[in-house]
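A.B. asks: here is a sequence with its predicted model. Questions after.
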Amino acid sequence: MEAELRAAIAEDLDQLIRLHDRELDAETLVALKQVDFPGGLAMFPVGQAGSPDCANMAAAFRESISLDELAADYAAIYLNNHWGASPYESVWLSDDHLACAAPMFELREIYAVAGFRAADWRRRFDDHLVLQLQYVRQTVTDVAVDPKKTADFIDEHIGYWFPDFAQRVSMKCGTAFYAALAELTRVWLIRFRELLCRIHSLPVPSREQISQRISRKLALGKADVAPIKFMPGAQGASW
């Protein structure tokens with residue numbers, strides 16, 4: 001992948017990460033309007049700015065945007081799961097839809113190998129969408145990383161569950177901005193994965209193939225956990 005293309009993709013990710021990472025403030029809102037976001041994104045070349053996802057994002061900026069409403073919607077999506085659209089992978093993939101499940105630990109191991117880690121896992125667990133986007137950015141900018149590793153990560157992690165997150169957010173959230181951001185990010189991930197396919201001959205697996213791959217990993221993870229053996233009375237009173 002050419003250095004210029006890597007830089008453009010990293011810049012795309014910087015913008016998307018910022019918008020998912022924390023509440024929108026007045027300064028960032030002005031900056032987004034000045035750069036005509038999302039028109040400058042590398043995954044939406046000139047001539048495609050009229051695509052539905054870009055058009056919806058642009059329309060959200062034309063509306064009267066209340067920072068208070070955006071802050072409330074941000075909290076509902078990313079902090080308190082008000083819309084039932086968790087930003088954590090474990091909630092989407094674990095059998096009981098719980099946070100801090102096997103996917104979180106798998107991602108922690110993936111990050112560790114790459115020398116990447118959550119700044120503070122107590123504030124944001126390893127399987128949060130922002131950390132996954134940050135990891136993708138790191139793989140893009142590191143020329144030593146095999147592109148297949150990036151493609152597999154998208155297929156088996158954020159590219160797999162994020163579409164469900166985006167659909168839930170776009171249907172239920174209270175602001176046009178966050179509805180458009182969710183859909184824009186979903187399409188960006190699809191286009192970037194298609195780019196990896198074209199440049200590096202890395203075919204995009206079907207969703208069924210990925211589902212089977214993830215199910216096998218989760219099953220192996222369960223098998224590796226030794227069951228707790230407990231006999232009433234063996235360790236003292238059982239009440």
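C.D. replies: Arrived safely, thanks for sending. Residues are numbered from 1 along each chain as shown.

A.B. asks: the helix of greatest length in the chain - contacts with which helices or strands?
C.D. replies: Longest helix of the chain, by residue count under DSSP state H: helix 176-200. With contacts defined as 3 or more CB pairs under 8 Å, 6 or more residues apart in numbering; DSSP states H and E, helix 176-200 has these neighbours: helix 3-21, helix 52-62, helix 67-74, helix 147-156, helix 158-172. C-beta coordinates here come from the backbone N, C-alpha and C atoms, glycine included.

A.B. asks: ok now the third one, how far from the chain's centre?
C.D. replies: Which is helix 67-74. Remark: helix 67-74 is offset 20 Å from the chain centroid, using CA atoms, centre = their mean, to the nearest Å.

A.B. asks: output it as PDB - backbone C-alpha positions only.
C.D. replies: The C-alpha atoms that make up helix 67-74 are tabulated as PDB, following Å, rounded to 0.1, in the frame of the first residue of the first chain:
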ATOM      1  CA  LEU A  67     -24.600  20.600  21.800                       C
ATOM      2  CA  ASP A  68     -26.700  19.700  24.800                       C
ATOM      3  CA  GLU A  69     -28.800  17.300  22.700                       C
ATOM      4  CA  LEU A  70     -25.700  15.800  21.200                       C
ATOM      5  CA  ALA A  71     -24.200  15.300  24.600                       C
ATOM      6  CA  ALA A  72     -27.300  13.500  25.900                       C
ATOM      7  CA  ASP A  73     -27.300  11.300  22.800                       C
ATOM      8  CA  TYR A  74     -23.600  10.500  23.100                       C
END
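
A.B. asks: just list what it packs against, helices and strands only.
C.D. replies: helix 176-200.

A.B. asks: quick one: average pLDDT of the helix it packs on?
C.D. replies: If you average the pLDDT over helix 176-200, you get 96.

A.B. asks: just give me the lowest mean pLDDT stretch among the helices and strands packed on helix 176-200.
C.D. replies: Among the helices and strands packed on helix 176-200, helix 52-62 carries the lowest mean pLDDT (a mean of 88).

A.B. asks: for that helix, buried residues please.
C.D. replies: Neighbour counts using 16 or more other CB atoms under 10 Å place Asp53, Cys54, Asn56, Met57, Ala58, Ala60, Phe61 of helix 52-62 among the buried residues.

A.B. asks: how about residues contacting that helix?
C.D. replies: 32-33, 37-39, 41, 44, 48-49, 175-177, 179-181, 183-184, 186-187 (CB atoms under 8 Å, 6 or more residues apart in numbering).

A.B. asks: now, of those, which are buried?
C.D. replies: When the contacts of helix 52-62 are checked for burial by 16+ other CB under 10 Å, the buried set is 32, 37-38, 41, 44, 49, 175-177, 179-181, 183-184, 186-187.

A.B. asks: run a quick neighbour tally on Leu220.
C.D. replies: The number of residues packed near Leu220 is 10, by other CB atoms under 10 Å.

A.B. asks: SS state for it?
C.D. replies: What DSSP: H, G, I helix; E, B strand; the rest coil gives for Leu220 is helix.

A.B. asks: ok, it to Arg122 distance?
C.D. replies: Noted for Leu220: a distance of 28 Å to Arg122, by CB to CB, to the nearest Å.

A.B. asks: returning to what we had before: which of the buried ones among the contacts of helix 52-62 lies closest to Arg213?
C.D. replies: Of all the buried ones among the contacts of helix 52-62, Arg213 sits closest to Arg186, with 20.3 Å by CB to CB.

A.B. asks: count of neighbours near the residue nearest to the closest one when sequence neighbours are not counted?
C.D. replies: In this structure, Arg186 finds its nearest non-sequential neighbour in Ala166, 4.1 Å apart by CB to CB, 6 or more residues apart in numbering. Counted with other CB under 10 Å, the neighbours of Ala166 add up to 21.
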